[in-house]
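Colleague: Sequence and predicted model, in that order:
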Amino acid sequence: MANKTELENGGNTATVTPDNFEPVEDSSAQDEQRRQMEEITLKFGKGCVGDEFEGKDGTKYREILVPNTDPEDKRPWQTFVVRSNHVHDNQFGKGMWCKLPADGHTTLRRSMRTGQDDAGKALWETTKTQVSNRELKEMVEHYKTRDKSSMKEKLEEKKEEVAKNEKKAPEKAADKAKSTKKTKEESL
């Protein structure tokens, strides 16, 4: 028996609904729920975006590099793949961004060189790590949390150094002019 039936009465339509009927969500409600799904925006530089490539299924993808959070870590950077149409330029054209579901997980890959075979060809091993998208955002945007006080302290030193070099620059230019005059006179 159907949940909902219609009876025709001489041109009039009457709807009969059983007592235990629960309405099924229509597709428009599901679409609205998808739109309300929480997303995370990852922001990264253009240097962290690889070339576009085509997967086996014919879909175009881009590889995104995740820099190491520890400056002493000299291993290759981890990578993950996103559909190409999900990666966008920011409004100033200097950075990139993409959106991922907040509750999702992403697989990070790191290729490490393990040695060489008998023919001298490099052997590579790929390690895969699955992280939540919230952790991924922290990893990709780690540059925002760096301590910048040391950079500000170095700025004053650099300004002093540039000022000293500017004073020396006219002296060096005058010395070069004198030396070129002497070489021209000697050559004549």
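Modeller: On my side now, so go ahead. Treat the numbers as computed from the prediction; the structure is a model and nothing was measured.
Colleague: For His142, give me its contacts.
Modeller: Pro67, Thr69 (Cβ atoms under 8 Å, 6 or more residues apart in numbering). Every C-beta, even on glycine, is put in place using the N, C-alpha and C of the backbone.
Colleague: any idea how far Pro71 lies from Arg146?
Modeller: 9 Å (Cβ to Cβ, to the nearest Å).
Colleague: Looking at those two, which one has more neighbours?
Modeller: Arg146 (11 against 8; other Cβ atoms under 10 Å).
Colleague: State the distance from the more buried one to Glu156.
Modeller: Distance, Arg146 to Glu156, by Cβ to Cβ: 19 Å.
Colleague: ok, now Gly120?
Modeller: Gly120 is 51 Å from Glu156, by Cβ to Cβ.
Colleague: Quick one: residues contacting the closest residue to Tyr143 other than its chain neighbours.
Modeller: Closest residue to Tyr143 apart from its sequence neighbours, by Cβ to Cβ, 6 or more residues apart in numbering: Pro67 at 7.3 Å. Counting by Cβ under 8 Å, 6+ apart, Pro67 touches Cys48, Trp77, Val140, His142, Tyr143.
Colleague: Out of the residues you listed, which is nearest to Asp89?
Modeller: Asp89 has its nearest neighbour among the contacts of Pro67 in Cys48, at 13.1 Å by Cβ to Cβ.
Colleague: Could I get the buried residue list for stretch 108-121?
Modeller: Neighbour-count burial for stretch 108-121, counted by 16 or more other Cβ atoms under 10 Å, picks out Leu108, Arg110.
Colleague: In PDB, list the C-alpha atoms belonging to it.
Modeller: Listed in PDB are the C-alpha atoms of stretch 108-121, where the atom choice follows Å, rounded to 0.1, in the frame of the first residue of the first chain:
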ATOM      1  CA  LEU A 108      48.400  13.800   2.800                       C
ATOM      2  CA  ARG A 109      51.300  12.100   0.900                       C
ATOM      3  CA  ARG A 110      55.000  12.500   1.400                       C
ATOM      4  CA  SER A 111      57.500  10.900  -1.100                       C
ATOM      5  CA  MET A 112      60.800  10.100   0.500                       C
ATOM      6  CA  ARG A 113      63.900   8.900  -1.400                       C
ATOM      7  CA  THR A 114      65.000   5.600   0.200                       C
ATOM      8  CA  GLY A 115      68.100   4.800  -1.800                       C
ATOM      9  CA  GLN A 116      69.200   3.500  -5.300                       C
ATOM     10  CA  ASP A 117      68.800   0.200  -7.100                       C
ATOM     11  CA  ASP A 118      71.600  -1.700  -8.900                       C
ATOM     12  CA  ALA A 119      71.100   0.400 -12.100                       C
ATOM     13  CA  GLY A 120      71.500   3.700 -10.100                       C
ATOM     14  CA  LYS A 121      67.800   4.600 -10.300                       C
END
